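Engineer: kindly return the folded structure for what I paste below:
(chains A, B, C, D and E, ligands or ions: 4)
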Amino acid sequence: MDVTFLVKTFFVALSGVPIALLITIVSLLIALPSGFLLALSRINRIPVISQLARVYVSFVRGTPIIVQIFIIFTSVPLLLAPIFEKYHVKTSIYDINPIWYAFIVFSLNTTAILIEVFRSAISTVSKGQLEAAYSVGLNNVQAFRRILIPQILVVALPNICTATVNLIKATSLGYALSLREITLKAQVAANVGYNFIEAYIDIFLVYLLLCSLVETLFKLYEKRLRKYKTAAA
Amino acid sequence: MLEIKNIHKSFGKNEILKGVDLQIDRGDVVVILGPSGSGKTTLLRCINFLERADQGKAIFGDIHVNLKSATKKQIHQIRQKIAFVFQNYNLFTNKTVLENVTEGLIIGRKVPKAEANELGRQSLAKVGLADKLNSYPSELSGGQQQRVGIARAIALNPDIILFDEPTSALDPELVGEVLTVMKNIAKEGTTMLVVTHEMSFAKDVANRVIFMDGGVIVEENSPKEIFSRPKEERTQHFLRRVIPEDFIYNI
Amino acid sequence: MLEIKNIHKSFGKNEILKGVDLQIDRGDVVVILGPSGSGKTTLLRCINFLERADQGKAIFGDIHVNLKSATKKQIHQIRQKIAFVFQNYNLFTNKTVLENVTEGLIIGRKVPKAEANELGRQSLAKVGLADKLNSYPSELSGGQQQRVGIARAIALNPDIILFDEPTSALDPELVGEVLTVMKNIAKEGTTMLVVTHEMSFAKDVANRVIFMDGGVIVEENSPKEIFSRPKEERTQHFLRRVIPEDFIYNI
Amino acid sequence: GSTATTGAKSEAGAAKKEVRKVKVAFDQGGKPIGYLDEKGNPTGYEIEVMKLVDKALPEYEFEYVPTSSEDLLVGVQQGKYQVGVKNAWFTEERTKSYIFPKEFLGLSGVGILLKKKNENIKDLSDFAKAKLSLAPIAASNAQYTIVDEYNQANPDNKVKLKAGDAFSVDVVQWVNEGRVDGGIYLGATYEKQVLAKDGPYHNLANDLVYNEFAVVKTWPLFNKKEQEFADAYDQAIKKIKEEKKTNKLMVKFYNTDLFKLLDTVKR
Amino acid sequence: MQTYFDSTYIWGALPQLLSFLHVTFMVVGQSVLFGTILGFILAVLKLGTSTAARKIANGYTTILRCTPSIVLLFLVYYGLPAIANNFGAELNHLSTSIYVVITFSLQFGAIMSEVMRTAYEAVDRGQYEAAVSVGLSPVQAFRRIVLPQAFVVALPNFGNSLLELMKEGSLAYTIGLVDIMGKASLIISNNYNSHSLEIYLALSLIYWILSILIEQIFSKVEKIFSKGKLVIKTT
Ligand SMILES: Nc1ncnc2c1ncn2[C@@H]1O[C@H](COP(=O)(O)OP(=O)(O)OP(=O)(O)O)[C@@H](O)[C@H]1O
Ligand SMILES: Nc1ncnc2c1ncn2[C@@H]1O[C@H](COP(=O)(O)OP(=O)(O)OP(=O)(O)O)[C@@H](O)[C@H]1O
Ligand SMILES: [Mg+2]
Ligand SMILES: [Mg+2]
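Structural biologist: Residues are numbered from 1 along each chain as shown, chains lettered A, B, ... in the order given. Ligands and ions are numbered 1, 2, ... in the order given. Next up, the predicted model:
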């Protein structure tokens, strides 16, 4: 075990955190609302949208992220390049920062996961809550924002937390896009001297740190939201 | 001010409402009586669009709507003028008692928060819950929950309040108090449509009593008429079993 | 057959039950009266161990238990002999009406399925729900739900039934019917502890009436005594507001 | 004979001494260096050479364990495998974690894959000067180190180096498509993939060029405690190389004989 | 595009990939089984009254959830035999699939424990109270009344985790266990890293069909168990 390497690489890996977080946050910002809305569309069996949502969920949830990354990364330029050329679009398709691909793939994935998370959580809230909200003159949006979502979140939060932690870990697949995040940085550092054991320990520590921080935030938020429930106990 | 024409509503193959007409004028206090399962709750729910009727029209002030095909906007407009007291309370479980009452004011009606809190406090005081402002519904007894439901409706100061058995979970002492509250707001001119089993309320406060059975209005009349001289056999039958002998003589 | 000694129960800092004693003999029908929030529901819940009392003893037949530290086995034994009718029904949402009633028989008491179904049908018929056997609770009106709750308790044929406002969601016609059912099972010798606001039930059926307020038993006596000559001022006050003038004379 | 699980052993030596079983890990995705053939048997240049070593060492019995490059590196270091082959190159740092024997195992040609029009780019410094873009290289790959070392040696004429993933980057396709200008490539792979008549990208043979700029020795990695085994290996392989058996294997698997260029090899 | 894309590779890869499907099934099946049991135990601890047990269960969940799969795999693959060695057991000859199953089970358990905890908490307490009041024992009340209702709540999240697990094949490949994902990698490297798009498309096709099948089953089960339940419908 090479301790100096271990320590040095820890900070190298740590410097990959911002990009991992950036992908995570952007994906969540997109996936939370769209996952929620699509979940509603499935519960209410809105025609077309709910069927599309199902197909979408089954594909995105069913196939490995790395494969999705690969397919998008390989075929999008192949498909777009001729189009760009034809219409004389100036920017080269190959100059697009690969982080955009990451945003797309990870938001699509997280959305699919969250649709299911919300679907289960929404079903636990009693119908009477919505009716009561209507009856005091709240509209749909107000009723959801003020009454239903806080109750739904209590049930959904632990699973959103799991999804977020998984997302953070999955951003390591960004290596396929040459994104310089945690895992890739550590592995590059390890390659010179084949210090992979140390690198894995560093990766482990960084993710553990990052994810437990995120988990703690979720737990705190859950506690706050549950106030009304624990009051009864 | 509220006119309902020919409401029909089925659940699956069961037709629950079979063409109900209803007319309520400003200041009216209308009581609906009827056996369990006769469709009273369903009628109120259709008026408030909590259930979509299969057929029927409503005229609410200057808003004319088809109950089956009303738009979201129309529904929202109408709901803004109606308050509802649920048979099973339906308090917001994630809000305190006071928040339950002020929610509709602050968010739905845009009343400033301080004012809403004041209104909320007043209406909670009216139902005798001034000391439970910060409890959560799960910490309340059944009767307390029902009173919060009533306070929530009253606080909105709506054009019309629909009450679905507002005193069922109350002890008789409170029934008296709540009925007094209801009488007072009735006197203030609030229009009310009340499903209740409190004959004395019907007798004392209502200016019209409707007897429903099997999804239709069997009979409709002033309380005096309906209690002393019910025309239909079904009504007679129901009232005979429900009302103490001496009740009618007291009218 | 059931003796409770010195129950204490607090929620947080609020002491709700402040030392309640209770003795019920076989065949007794005891009615508990009291204003909302006085601790009636909490008392019943503690007897059935749905809430753990902070202090207190119970003697149930030959089972002596400390209410605070009873073992799982003791609790199970006692619950096998007690049935509970909830103020807010608490029907099993994932079971049909008939299954709601037979669940306790088949699983809890090991009654053969066919027999349990027959018993279930009978007790549902008693509360007038013979035609709703295969509905789910979410498809029932409030009154129908409450009757299922009662049928569920009756079907168990327990030593004692605790009723928490069993008629509150019923229309008066049904109240009459359900009270008749309750009278009948009372006559069959079932012991009952009933929280109710139905004074006439208390008058006609109960052999003892307990008046609770603020977590203590204020007064306890035969219905005749308590309605005609309440001793405590609080009881007098409560009854005066609750009972029609002529009620007392009728006793 | 050797199978996936039991190594070849010399019939003569087996009886006398206690035969020691050793595990030889190889990167199973490393065709033509080490891989599993259609029947699932391990083969490839480095595997076949190791089989010859096994034959020459009666006191050892080799077991070939197909695995990933990550696991190979961890496993050899931890002692789960006694030795690993994965087209590994020598760096000073790596000797801290593994024993590099005295005798190398094979040779690997490295070059730049380019479009025909960039034929004149012969090595990394040409490439850097022309400011061309380079396909990402898997971080655990030795080619990455080569470029990285070049960059450190030539700080004012650097190649733009990016780490990526072996599977997501199809260098031939990327270069031909124009997504990047060039990619570091192994001669052996180029031979099999583009030049060979039945190669999957033989249709691009006229559009691309491969300019080899270095030949590098490849080494088996021994666990730190396996000095004795490494010495035995040295003995055996020396003889095998003298008998020119390695040359034959190289032609078989790489289509060229890099041993001819041995004089030019610097590392 | 035509220059690089050759659909014959897709059809060629399908049978090769399918012949490794049983490995995926075996690993997923066992991991789900053991992981669910573990998750259940953890959930019970989390909901129980013992503070120490709750802390342990929560700590376990945090660590296992936060550990990258590959690190966990190495920990199990190298750590377990080392620990066993201290007790005199020799585990080095164990099949790699066992390590993969252990790794996945440990991780799946952590995730399922949260799924189960939230599902349990989402069921109204009145349901349990009613059940014990009709004479069911707490265990019966749980099994007959609470569990079926919690099950419906857990199902979509369970599906999420199951599909997630199914796709983790690349992890198994790391220690040389080849499932369909690993086979795809091998096919690609046998083609010298070319035509990977086609191979990956073939792989996706199989995975997609699998996930549709699984979802069909789940939605059937969900329908059966959510009888009598009212859902929120906006009006
Ligand atoms: N969602 C539903 N699905 C199917 N049937 C329903 C549904 N809701 C109500 N019903 C049926 O409609 C009938 C009328 O119900 P409603 O709630 O209107 O009765 P009610 O007059 O309010 O009775 P109560 O006095 O007992 O509350 C009942 O027989 C009930 O079973
Ligand atoms: N879980 C709880 N947490 C805190 N306070 C509670 C809780 N449950 C009940 N209480 C309080 O205990 C008091 C007694 O409640 P209980 O339900 O026993 O009243 P009750 O006599 O049944 O009234 P009602 O006739 O209205 O049902 C009430 O003031 C209530 O607010
Ligand atoms: Mg009703
Ligand atoms: Mg109560």
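
Engineer: retrieve the pLDDT associated with residue 105.
Structural biologist: You didn't pick a chain, so chain A it is. With respect to pLDDT, residue A:105 scores 92.

Engineer: meant chain D actually
Structural biologist: pLDDT, residue D:105: 90.

Engineer: could you check how far it is from ligand 2?
Structural biologist: Distance, residue D:105 to ligand 2, using Cβ to the nearest ligand atom, to the nearest Å: 75 Å. In short, each C-beta sits where N, CA and C put it, glycine included.

Engineer: which non-adjacent residue is nearest residue B:23?
Structural biologist: residue B:3 (4.9 Å; Cβ to Cβ, 6 or more residues apart in numbering or on different chains).

Engineer: can you check residue E:181 too?
Structural biologist: Closest residue to residue E:181 apart from its sequence neighbours, by Cβ to Cβ, 6+ apart: residue E:169 at 2.9 Å.

Engineer: with residue D:76 instead?
Structural biologist: Excluding its sequence neighbours, the residue lying closest to residue D:76 (Cβ to Cβ, 6+ apart) is residue D:84, at 4.3 Å.

Engineer: any idea what that neighbour is bridged to?
Structural biologist: residue D:25, residue D:221 (DSSP bridges).

Engineer: right, and it touches residue D:24 too?
Structural biologist: Yes - judged on Cβ atoms under 8 Å, residue D:84 makes contact with residue D:24 at a distance of 7.1 Å.

Engineer: what is the neighbour count of residue E:95?
Structural biologist: 9 (other Cβ atoms under 10 Å in any protein chain shown).

Engineer: quick check: it vs residue D:84, distance?
Structural biologist: Distance of residue E:95 to residue D:84, given as Cβ to Cβ, to the nearest Å: 20 Å.

Engineer: and ligand 3, is stretch A:126-145 touching that?
Structural biologist: No - figure legend: stretch A:126-145 not in contact with ligand 3 (Cβ under 5 Å from the ion); closest approach 13.0 Å.

Engineer: which residues touch that stretch?
Structural biologist: Here stretch A:126-145 makes contact (Cβ atoms under 8 Å, 6 or more residues apart in numbering or on different chains) with A:146-148, A:151, B:45, B:48-50, B:72, B:76, B:79-80, B:82-84, B:86, B:88, B:90-93, B:103-104, B:107-109, B:152-153, B:156, E:230-235.

Engineer: buried subset of the residues you listed?
Structural biologist: Among the contacts of stretch A:126-145, those classed as buried by neighbour count (16 or more other Cβ atoms under 10 Å in any protein chain shown) are A:146-148, A:151, B:45, B:48-50, B:76, B:79-80, B:82-84, B:86, B:88, B:90-93, B:103-104, B:107-109, B:152-153, B:156, E:232.

Engineer: show me which of these neighbour chain C.
Structural biologist: With Cβ under 8 Å from any Cβ of the partner chain as the criterion, the buried ones among the contacts of stretch A:126-145 include residue B:88 near chain C.

Engineer: state the mean pLDDT of whichever helix in chain E runs longest.
Structural biologist: Secondary structure of chain E read by DSSP state H shows that its longest helix is helix E:196-225. Mean per-residue pLDDT for helix E:196-225: 90.

Engineer: so is that helix next to chain A?
Structural biologist: Yes - Helix E:196-225 is in contact with chain A by Cβ under 8 Å from any Cβ, via E:196-197, E:200-201, E:203-204, E:207-208, E:210-212, E:214-215.

Engineer: same question for the strand or helix carrying the residue nearest to residue B:23: list its buried residues.
Structural biologist: With elements taken from DSSP states H and E, the one containing residue B:3 is strand B:2-11. For strand B:2-11, burial by neighbour count (16+ other Cβ under 10 Å) applies to B:2, B:4, B:7, B:8, B:9.

Engineer: same question for stretch D:55-62.
Structural biologist: D:55, D:56, D:57, D:58, D:60, D:61, D:62.

Engineer: quick check: closest non-adjacent residue to residue 218.
Structural biologist: Unless you meant another one, I'm taking chain A. residue A:161 (4.0 Å).

Engineer: oops, chain D please
Structural biologist: residue D:106 (4.7 Å).

Engineer: and the one you found, what does it touch?
Structural biologist: Residue D:106 makes contacts with D:33, D:45, D:46, D:49, D:87, D:217, D:218, D:246, D:250, as judged by Cβ under 8 Å, 6+ apart.

Engineer: give me the buried positions along the lengthiest helix in chain A.
Structural biologist: Ranked by residue count, the top helix of chain A under DSSP H comes out as helix A:196-225. For helix A:196-225, burial by neighbour count (16+ other Cβ under 10 Å) applies to A:196-204, A:206-208, A:210-212, A:214-215, A:218-219, A:222, A:225.

Engineer: likewise for stretch B:220-233?
Structural biologist: For stretch B:220-233, by 16+ other Cβ under 10 Å, it's B:220, B:221, B:223, B:226, B:227, B:230.

Engineer: same check, this time on stretch D:28-46
Structural biologist: Neighbour-count burial for stretch D:28-46 [16+ other Cβ under 10 Å]: D:28-36, D:41-46.

Engineer: which ones among those residues map onto strands?
Structural biologist: Among those, DSSP state E puts D:29, D:30, D:34, D:35, D:36, D:42, D:43 in strands.

Engineer: the closest residue to the last one other than its chain neighbours and residue E:190, how far apart?
Structural biologist: Taking Cβ to Cβ, 6+ apart as the measure, residue D:43 lies nearest to residue D:37, with 4.9 Å between them; neighbours along the chain are not counted. Counting by Cβ to Cβ, the gap between residue D:37 and residue E:190 amounts to 9 Å.
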